[in-house]
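Visitor: when you get a sec, could you give me coordinates for this:
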Amino acid sequence: MSFKHCLLAASVAVMWGLNFLAIDLSLDQFPPFFLVALRFAVLAIPALLFIPKPDVKFRWIVGYGLGFGLLQFLFLYWAMAAGMPAGIASLVLQASGPFTVLLGMTFLRERVRGSQMAFLIVAMAGLGVVGWQRFDSSASFLPFLLTLAGGLGWAIGNICNRQAHSVEPVKFTMWMSVIPPVPMFLLSLLVEGPNLIGHSLTTLMTPTGWLGLAGLAYTVVIATILGSGIWSWLMSRNPAGVVAPFSMLVPIIGMSAAWFFLGETVSVGEMCGAVLVIIGVLGAGMRAAKGPKILAEVVPAPVPAVVPAAGRSVPDVPAGTRRTMT
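Guide: Now for the predicted structure:
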């Protein structure tokens, strides 16, 4: 993975880390399931009207929309509405990193080195520490489990994104947004009801409503179009297990921003778990990034087949050296 790609991945982490503040503002105004539907409907309508379908198989658009779009944000918004702090949510959601590597091993046959697996075990141990700290009551442990489920949804989306190999990341991201709105609108009507949905729409001109709209705008434009577009571009050009661990920069931004703007604090145990998660997943990402470089150094250059002219013989050439033809 080149240095330029690393910088792009880090910039996406900043966008997504600040997005947890935007989500928190939006959830003060909108019910969670309706907010997911609204978030993607704002993108789906212009995508269907003005943006040509990207040149990828439709099943990968559906898979990315279901995983990255519907499942991730259904469970994340549900968790935050149920009491998951924005900073801790930004950490636990990064379970998508280990989940992506494991799914890549299982379904894409991506190779994982022993040292990389060791770091992933450290990361999972850190998530276990955070979960144990929140096991003091079902009111705090349930949001933790919901956020983990959101991380699994993100990982499923990463794998579908990787398989799509899209060279049109913005188009791919916009068309992914076509998948979540209808099922999420139906779920919102069934679970949250028309009265709650109507109240969120009729109170938009209040201070809370303006902040909710500002949060929604950030989520749609910065986090989804720009951030997810860059992420899709990176995932299509690098192994999933190399790109995904950069998401571990998200909780550093998210927890810091939640502390500074929302006054959120974490326990000593949660902080220790956060350190383990960050070390584990970043370490796994760096070990994975070294793999392609090492392979490039040890694999000899291919020797092109040479057909000798009539009556001439071609001398043997040692393996790994190139023949110059004139």
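Visitor: where in the stretch 101-250 of the chain is pLDDT low?
Guide: Segments of the stretch 101-250 of the chain classed as low confidence (criterion: pLDDT under 70) are 136-139, 240-241, 244.
Visitor: please enumerate the helices of it.
Guide: Secondary structure of the stretch 101-250 of the chain (DSSP state H, counting those that start in this stretch): helices located at 114-133, 138-164, 169-176, 181-191, 193-202, 207-217, 229-235, 240-243, 249-257.
Visitor: nearest to Trp60, out of the ones you listed?
Guide: Closest to Trp60 of the helices of the stretch 101-250 of the chain, according to CB to CB: helix 138-164, at 3.7 Å. From N, CA and C alone the C-beta is placed, and that goes for glycine too.
Visitor: sorry, back to before: buried deepest among the helices of the stretch 101-250 of the chain, which one?
Guide: Burial of the helices of the stretch 101-250 of the chain is given as mean neighbour count (mean count of other CB atoms under 10 Å); helix 240-243 ranks first at a mean of 28.
Visitor: let me see the contact set for the nearest residue to Ala79 once chain neighbours are set aside.
Guide: Among residues not flanking Ala79 along the chain, Leu146 sits closest, at 3.7 Å (CB to CB, 6 or more residues apart in numbering). Contacts were defined as CB atoms under 8 Å, 6 or more residues apart in numbering; by that measure Leu146 touches Phe75, Leu76, Trp78, Ala79, Ala82, Met84.
Visitor: can we see that at 6 Å?
Guide: With CB atoms under 6 Å, 6 or more residues apart in numbering as the criterion, the residues that contact Leu146 are Phe75, Trp78, Ala79.
Visitor: element containing the second one?
Guide: For Trp78, the enclosing helix or strand under DSSP states H and E is helix 72-81.
Visitor: by contact count, what packs against the helix or strand following that helix?
Guide: Heading C-terminal from helix 72-81, the first helix or strand you meet, by DSSP H and E, is helix 86-92. Helices and strands touching helix 86-92, by 3 or more CB pairs under 6 Å, 6 or more residues apart in numbering; DSSP states H and E, are helix 3-27, helix 249-257.
Visitor: relative to helix 3-27, how tilted is the shortest one?
Guide: Helix 249-257 runs at 50 degrees relative to helix 3-27, counting by axes from the mean of the first three to the mean of the last three CA atoms, to 10 degrees.
Visitor: Gly97 against Val242, yeah?
Guide: No. In this structure, Gly97 is not within contact of Val242 by CB atoms under 6 Å, at 10.8 Å.
Visitor: now Ala214: closest residue in space, sequence neighbours ignored.
Guide: Leaving out its chain neighbours, the residue that sits closest to Ala214 by CB to CB, 6+ apart is Leu25, at 6.6 Å.
Visitor: over to Met184?
Guide: Take Met184 and drop its neighbours on the chain: the residue closest to it by CB to CB, 6+ apart is Ala37, 3.6 Å away.
Visitor: any idea how far the residue nearest to Ala79 is from Tyr77?
Guide: Separation of Leu146 from Tyr77 (CB to CB, to the nearest Å) stands at 9 Å.
Visitor: what does Thr224 give?
Guide: Separation of Thr224 from Tyr77 (CB to CB) stands at 14 Å.
Visitor: cool, and His199?
Guide: With CB to CB as the criterion, His199 and Tyr77 are 17 Å apart.
Visitor: list the contacts of Cys160.
Guide: Residues in contact with Cys160, defined by CB under 6 Å, 6+ apart, are Trp60, Gly63, Tyr64, Gly67.
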